[in-house]
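# Below are the sequence and a predicted model for it; my questions follow.
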Amino acid sequence: MPTISMFFGILIRMFFRDIEKHHVPHIHADYQGQVAVYSIPDGTLLAGGLPPNKHKLVIA
């Protein structure tokens, strides 16, 4: 899984063939062991979670 961005301790990663669980294009945001999955088209949180201030950074 390649890392496509890193900022404020958040790693943004994308799986190439990960469509079985989430049927939309998405990214995985990893912060201190917590992982959240976000839809690329609209930024919807699909799974997991991050602290509120980190969540806002990913959405932005």
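Nice, thanks for sending it over. Numbering: from 1, shown residues only.

# quick one: strands adjacent to the helix or strand containing residue 46?
Assigned by DSSP states H and E, residue 46 falls within strand 45-48. Strand 45-48 pairs in its sheet with strand 34-39 (antiparallel), by DSSP bridges.

# Need the residues that contact the partner strand.
The set of residues external to strand 34-39 that reach it, using CB atoms under 8 Å, 6 or more residues apart in numbering, is 22, 24-29, 44-51, 55, 58-59. All C-beta spots, glycine's among them, are computed from the backbone N, C-alpha and C.

# Please repeat the previous calculation with a cut-off of 6 Å.
Outside of strand 34-39, the residues within contact range by CB atoms under 6 Å, 6 or more residues apart in numbering are 24, 26, 27, 28, 29, 45, 46, 47, 48, 49, 50.

# Looking at pLDDT only, which of those residues scores worst?
Across the contacts of strand 34-39, the bottom pLDDT score, 79, is held by residue 24.

# Now do the closest residue to that residue other than its chain neighbours: how many residues are near it, please.
Leaving aside its sequence neighbours, residue 24 sits nearest to residue 39 (CB to CB, 6 or more residues apart in numbering; 5.1 Å). For residue 39, the count of nearby residues is 14 (other CB atoms under 10 Å).

# And residue 39, how close does it get to residue 33?
22 Å (CB to CB, to the nearest Å).

# helices and strands around the helix or strand where residue 4 lies, which ones?
If you go by DSSP H and E, residue 4 is part of strand 3-7. Counting contacts by 3 or more CB pairs under 6 Å, 6 or more residues apart in numbering; DSSP states H and E, strand 3-7 is packed against strand 10-13.

# Just checking: what are the partner strands of the strand it packs on?
Applying DSSP bridges to the sheet, strand 10-13 is found paired with strand 3-7 (antiparallel), strand 26-31 (antiparallel).
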